[in-house]
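A.B. asks: task: produce atomic coordinates for the following.
(one chain, ligands or ions: 1)
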Amino acid sequence: MIIECFHCESKVDGIVKGEVDGHDDEYPFLFKTILVECPVCHSALVGMTEKIQTGPGHYE
Ligand SMILES: [Zn+2]
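C.D. replies: Reported below is the predicted structural model:
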């Protein structure tokens with residue numbers, strides 16, 4: 001997934017290493033927490049996304 005790497009200070013096509021579905025009674029939308037590895041510097045990045053599918057395999 002495309003994520004901004006704070007280390008490289010650029011958007012990279014991160015390698016998804018895992019994802020966890022989030023649930024929050026006070027937050028009405030489904031969201032996921034995603035663990036991503038930067039393909040450039042290999043930093044671990046954590047992204048959170050609302051579960052809105054905008055295309056095959058794409059979430060924004
Ligand atoms: Zn990076």
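
A.B. asks: low pLDDT regions in this structure?
C.D. replies: Applying pLDDT under 70 to the chain flags residues 27-28, 51-60.

A.B. asks: for D25, see how far away the most centrally placed residue in the chain is.
C.D. replies: Geometric centre of the chain, nearest residue: G47, 3.4 Å, by Cα atoms, centre = their mean. If you measure G47 against D25 using Cβ to Cβ, to the nearest Å, the figure is 22 Å. All C-beta spots, glycine's among them, are computed from the backbone N, C-alpha and C.

A.B. asks: what parts of this structure come near the ion?
C.D. replies: Residues of the chain lying close to the ion (Cβ under 5 Å from the ion) are C5, H7, C8, C38, V40, C41, S43.

A.B. asks: what subset of the residues you listed is buried?
C.D. replies: Neighbour counting by 16 or more other Cβ atoms under 10 Å classes C5, C38 among these as buried.

A.B. asks: tell me how far the closest residue to G14 other than its chain neighbours lies from I2.
C.D. replies: Counting by Cβ to Cβ, 6 or more residues apart in numbering, G14 lies nearest to V36, which is 3.5 Å off, once chain neighbours are set aside. Distance, V36 to I2, by Cβ to Cβ: 10 Å.

A.B. asks: and what of V40?
C.D. replies: From V40 to I2 the distance is 13 Å (Cβ to Cβ).

A.B. asks: run through the strands of the protein in chain order.
C.D. replies: Residue ranges of the strands in the chain, as given by DSSP state E, are 2-5, 10-13, 15-22, 31-37, 44-50, 53-55, 58-59.

A.B. asks: neighbouring strands - and their directions - for the longest one?
C.D. replies: Here strand 15-22 is paired, per DSSP bridges, with strand 31-37 (antiparallel).

A.B. asks: gap between the partner strand and the chain center?
C.D. replies: 4 Å (Cα atoms, centre = their mean, to the nearest Å).

A.B. asks: what do you get for stretch 33-45?
C.D. replies: Computed by Cα atoms, centre = their mean, the chain-centroid distance of stretch 33-45 equals 9 Å.

A.B. asks: related to what we said a few turns ago, joint contacts of V40 and I2?
C.D. replies: Shared contacts of V40 and I2 (Cβ atoms under 8 Å, 6 or more residues apart in numbering): V12.
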